[in-house]
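1. Following is a predicted model, sequence given first.
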Amino acid sequence: MRRVKIIVAGRVQGVYFRYFTQNKAKELAILGSVKNLDDGRVEIIAQADHHILEDFIRWCHKGPITARVDSVEISELEPEQALTTFIRK
């Protein structure tokens, strides 16, 4: 099990990025959350098996068709047992 924090910058607010991220995470059975940051970026906390997260991270580099991703930062976190779903904040 792997848990990461993903910070996505670009045109990622006001383009349904969180909605599409939540749908993709649910499709891949990823646990965690997605939220807008005050500086215009989006923060994603994602937890799943390593290979599933790699697929999700690749998707985050593109995002939905409505978005423009300029950069993606990834930080490793300790897995959390209490996660049960993927929520949009």
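-> Arrived safely, thanks for sending.
2. The helix or strand bottoming out on mean pLDDT in the chain: partners in the sheet, and parallel or antiparallel?
-> Least confident helix or strand, the chain: strand 86-88 with a mean of 92, by mean pLDDT, DSSP states H and E. Counting by DSSP bridges, the strands paired with strand 86-88 are strand 31-36 (parallel).
3. Need the contact partners of the partner strand.
-> Outside strand 31-36, the residues that touch it by CB atoms under 8 Å, 6 or more residues apart in numbering are 3, 13, 17-18, 21-22, 25, 42-48, 83-89. Just so you know, the C-beta spots here come from the backbone N, C-alpha and C atoms, and that holds for glycine as well.
4. so of those residues, which ones are in helices?
-> Members of the contacts of strand 31-36 lying in helices (criterion: DSSP state H): 17-18, 21-22, 25.
5. what's I30 in contact with, if anything?
-> By CB under 8 Å, 6+ apart, the neighbours of I30 are 24, 46-48, 52-53, 56, 86.
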